[in-house]
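Trainee: need the 3D shape of this:
(chains A and B)
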Amino acid sequence: MSAVAPKADGFFDCRDSFAATIEALAEADPRIVTVVSDSVGSSKLSDFRTKFPDRMVNVGIAEQTLVAVGAGLANGGKVPFVSAASCFVTGRAMEQVKADIAYSNVNVKLIGQSSGVAYGELGPTHHSIEDLAWLRLFNNLKLIVPADPWQTAEAIRAAAAYDGPVFVRVSRMAVPALERPSDARFEIGKSETLIEGRDITIIANGTMVHRAVAAAKTLAAEGTSARVINMATVNPLDDAAIAAAIETGAIVTVEEHSVRGGLGGAIAEVVASTNPVPMRIMGFPGFVPTGSAEWLFDNYGLNEAGIVEAARQTIARKK
Amino acid sequence: MTSPVANLSTDPATEIRARALWIRRRSFQMVYEAQQGHPGGDFSAADILATLYFGVMHYDPKVPTDPQRDRFVMSKGHCTGAFYSVLAAAGYFPEADLKTYMEPLSLLNGHPNRNYLPGVETNTGPLGHGLPVATGIAIAGQIDRADFRTFVLTGDGELQEGSNWEAALTAGHRRLENLTLIVDRNRLQQGARTEDTASLDPLDDKWRAFGWHVEMVDGHDHQQLLDVLSASPKGRGKPLCVIANTVKGNGVSFMHDNVSWHHGVPNKEQYEQAMRELV
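Mentor: Numbers count the residues shown, from 1 in each chain, chains lettered A, B, ... in the order given. Next comes the predicted model:
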């Protein structure tokens, strides 16, 4: 598991895991640099700056240049990790992500921090529940949404090892460390089955995975066998796992993202193009009202009880 | 690594003049045959490109990703007629490939793609992308204390894109003396004069205010271009902005300073007349 210490309540901030991993990688690989847009503290990169002052490029509050400088650094032989709030590094710099990173196909790692609705009461300008839908259109850009500290560290290592553009969506929402076999491995494009099941498959990623696990345990107690898949990579999808999910006859997807075009949309494209089964896509409908992140999760049923109810309703639609 | 100019027996400005004439003729043939392109901007940039590739930059077209190469970023990516012509002349790919310009499946797309062609550093086309990427390249060189230089050519209308000024702040702040911006100041954008659209003057003051060293030259005078571009940047302590005063359509009478040739394409008579003038 991650070397990052949990908070007192056993929950983790995955940004700590990102920061510890990038520091360790930078120790071993002099090509690794970080690029920030006044986003040092929010990326938890203060220690990195202290350790590697010449290997952090702070362009100021200028996201277009943030992303483009990443592309230029890759041209100059660096392995840049471009880190800023997910809402800005994507939306504000979208054409740079498209032309300079994805279409140019360069070795840049984009880190979308504090993604989803982590900024809660600050509102939809600061939420990033559109990022996966936007980025999913760039077919060669790998998209990873880690679920806990271990997977965040593994995703950052995998991104560094892969020669090409990668986006890693990091959360600041507290999540527990998931239970896994000791030989668990992370691979870009491969999902992990956390709970086996026959009656339905719940596919989640990011902060929703531990809620899906809790929901499956509740469903098991009432006699429903629900499989839980952590689909951390949204591009490329794990098509084999989706094909197996279709065989359970019903699918619920859960994500801290809009219901339009994210994980659920991506899986629906596969399901609709193969053997359609009843599906339910859980997420946010669009711009959300004022509220804390936890309040927003509860308000939109993105919690254990909401996932359980969605599973029951989707199973009821099975023919 | 040496630039091709080192092998020439003639003086550099004479050779560059011949190369620039060839770029104009060859790019106009490409535009005529494809019936697409941006010949006005090809012609305003031709002398700048010829000077960079045959008088200033150090590169080996057989090792296009050499870490120590000088970099050139074509921010005005729509002017591929001139850009592809100079790359072919420099030896990055056979001149015969220019015949495929914009054909189906051609590697010579309307805007340059680094994954198609050696010598293209980054994919451009949307305006305001070149300088920010070039700034990143120059920062990599600064971190490594490398000797290579990074050159970027923008249009002037293109400077209306705010992304340029973000990068200008960063480059000025970091004192990127290894970075040189050349502005193709032909004073015409797609549909009108820059000063009638969103005025840029006083352009030199703007760059100075952002912490850049500024040189103003006649962008069709090869000796002036050579002098400012080949001067060593060491110790300058600032990025260099060369405002190259140019004329859109330079070299052909009916295209001279004529906005309709931004993306105008010639008919047979116009093509033949241009070829008679470009000698």
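Trainee: and the gap between the residue in the stretch 201-319 of chain A that chain B sits nearest to and residue B:85?
Mentor: Proximity of the stretch 201-319 of chain A to chain B (Cβ to the nearest Cβ) peaks at residue A:235, 18.7 Å away. Heads up, the C-betas are built off the backbone N, CA and C, glycines and all. Using Cβ to Cβ, to the nearest Å, residue A:235 is found at 38 Å from residue B:85.
Trainee: ok, those two, which is more surrounded?
Mentor: Set residue A:235 next to residue B:85 and count neighbours by other Cβ atoms under 10 Å in any protein chain shown: residue B:85 wins out with 28 against 20.
Trainee: for residue B:243, helix, strand, or coil?
Mentor: strand (DSSP: H, G, I helix; E, B strand; the rest coil).
Trainee: please look at it and residue B:205 and confirm they touch.
Mentor: No. With contact defined as Cβ atoms under 8 Å, residue B:243 does not reach residue B:205; the gap is 10.9 Å.
Trainee: mind checking which of the two has more residues around it?
Mentor: residue B:243 (20 against 10).
Trainee: please report how far that one lies from residue B:204.
Mentor: 6 Å.
Trainee: what touches both of the two?
Mentor: Shared contacts of residue B:243 and residue B:204, defined by Cβ atoms under 8 Å, 6 or more residues apart in numbering or on different chains, comprise B:214, B:216.
Trainee: tell me where the model's unsure across the stretch 151-300 of chain A.
Mentor: Counting by pLDDT under 70, the stretch 151-300 of chain A shows no low-confidence range.
Trainee: helices along that one, start to end?
Mentor: A:209-221, A:239-247, A:263-273, A:293-299 (DSSP state H, counting those that start in this stretch).
Trainee: need those helices in a markdown table with distance to chain B and mean neighbour count, can you?
Mentor: Below are the helices of the stretch 151-300 of chain A laid out as a markdown table (distance: least, Cβ to the nearest Cβ, whole Å; neighbours: other Cβ atoms under 10 Å in any protein chain shown):
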| stretch | distance to chain B | mean neighbour count |
| --- | --- | --- |
| helix A:209-221 | 35 | 21 |
| helix A:239-247 | 26 | 17 |
| helix A:263-273 | 25 | 19 |
| helix A:293-299 | 31 | 18 |
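Trainee: can you add distance to residue A:124 and give these back as CSV?
Mentor: Compiled in CSV, those are given as follows (distance: least, Cβ to Cβ, whole Å):
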stretch, distance to residue A:124
helix A:209-221, 22
helix A:239-247, 30
helix A:263-273, 19
helix A:293-299, 11
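Trainee: and chain B, which of its residues are near chain A?
Mentor: B:67, B:71, B:113-115, B:121-126, B:128-129, B:132-141, B:143-144, B:146, B:162-163, B:166-167, B:169-170, B:173 (Cβ under 8 Å from any Cβ of the partner chain).
Trainee: residues touching the closest residue to residue A:60 other than its chain neighbours, list them.
Mentor: Nearest-residue entry for residue A:60: residue A:38, 5.9 Å, with adjacent residues in sequence omitted and distances by Cβ to Cβ, 6 or more residues apart in numbering or on different chains. By Cβ under 8 Å, 6+ apart, the residues touching residue A:38 are A:58, A:60-61.
Trainee: chain B versus residue A:38, what's the distance?
Mentor: With distances taken as Cβ to the nearest Cβ, to the nearest Å, residue A:38 is found 12 Å from chain B.
Trainee: cool, and residue A:194?
Mentor: Taking Cβ to the nearest Cβ, one finds residue A:194 at 38 Å from chain B.
Trainee: tell me, how many residues neighbour residue A:278?
Mentor: Residue A:278, neighbours per other Cβ under 10 Å, totals 17.
Trainee: same check on residue B:160?
Mentor: Residue B:160: 17 surrounding residues under other Cβ under 10 Å.
Trainee: about what we covered before: any idea which of the contacts of residue A:38 has the most stuff around it?
Mentor: Neighbour max across the contacts of residue A:38 (other Cβ under 10 Å) = residue A:58, 19 neighbours.
Trainee: that residue contacts residue A:41, correct?
Mentor: No. Between residue A:58 and residue A:41 there is no contact under Cβ under 8 Å: 11.4 Å.
Trainee: of the residues of chain B next to chain A, select the buried ones using a PyMOL command.
Mentor: Buried subset of the residues of chain B next to chain A, written as a PyMOL selection, criterion 16 or more other Cβ atoms under 10 Å in any protein chain shown:
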select buried, chain B and resi 71+113+114+121+122+123+124+125+126+128+129+132+133+134+135+136+137+138+139+140+141+143+144+163+166+167+169+170
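Trainee: next step: the residues of chain B next to chain A restricted to strands.
Mentor: With strands taken from DSSP state E, the overlap with these comprises residue B:71.
Trainee: if you skip the residues just before and after it, what's nearest to residue B:161?
Mentor: Nearest to residue B:161 is residue B:128, by Cβ to Cβ, 6+ apart, at 2.7 Å.
Trainee: can I assume that neighbour is in contact with residue B:155?
Mentor: No. In terms of Cβ under 8 Å, residue B:128 does not count as a neighbour of residue B:155; the distance is 9.9 Å.
Trainee: what touches both of the two?
Mentor: residue B:75.
Trainee: dump the residue contacts of the closest residue to residue A:189 other than its chain neighbours.
Mentor: Nearest residue to residue A:189, sequence neighbours excluded (Cβ to Cβ, 6+ apart): residue A:236, at 4.6 Å. Neighbouring residues of residue A:236 by Cβ under 8 Å, 6+ apart: A:142, A:188-189.
Trainee: among those, which lie within strands?
Mentor: Using DSSP E, the contacts of residue A:236 in strands are residue A:142.
Trainee: just the buried ones from the contacts of residue A:236?
Mentor: Buried by 16+ other Cβ under 10 Å: A:142, A:188, out of the contacts of residue A:236.
Trainee: so what sits opposite the residue positioned nearest the centre of chain B in the bridge?
Mentor: Chain B has residue B:153 as the residue nearest its centroid, 4.3 Å off, counting by Cα atoms, centre = their mean. Assessed by DSSP bridges, residue B:153 has beta-bridge partners residue B:74, residue B:182.
Trainee: which residues does it contact?
Mentor: B:45, B:48-49, B:52, B:72-76, B:130, B:181-182, B:184.
Trainee: how distant is stretch A:108-128 from the center of its chain?
Mentor: 11 Å (Cα atoms, centre = their mean, to the nearest Å).
Trainee: just the CA trace of that stretch, in CSV.
Mentor: The C-alpha coordinates for stretch A:108-128 follow below in CSV (Å, rounded to 0.1, in the frame of the first residue of the first chain):
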residue,chain,number,x,y,z
VAL,A,108,3.3,15.0,-21.2
LYS,A,109,1.4,14.0,-18.1
LEU,A,110,-1.5,16.2,-17.2
ILE,A,111,-2.6,16.0,-13.6
GLY,A,112,-6.1,17.2,-12.9
GLN,A,113,-6.2,18.0,-9.2
SER,A,114,-9.2,18.4,-6.9
SER,A,115,-11.4,17.0,-9.6
GLY,A,116,-15.2,16.4,-9.5
VAL,A,117,-17.1,18.4,-7.0
ALA,A,118,-14.3,18.5,-4.4
TYR,A,119,-14.5,22.3,-4.3
GLY,A,120,-18.1,21.9,-3.1
GLU,A,121,-19.6,25.2,-2.1
LEU,A,122,-17.3,27.1,-4.5
GLY,A,123,-19.6,26.0,-7.2
PRO,A,124,-19.7,24.8,-10.8
THR,A,125,-16.9,27.2,-12.0
HIS,A,126,-14.5,25.2,-9.8
HIS,A,127,-16.1,21.8,-10.2
SER,A,128,-14.7,19.6,-12.8
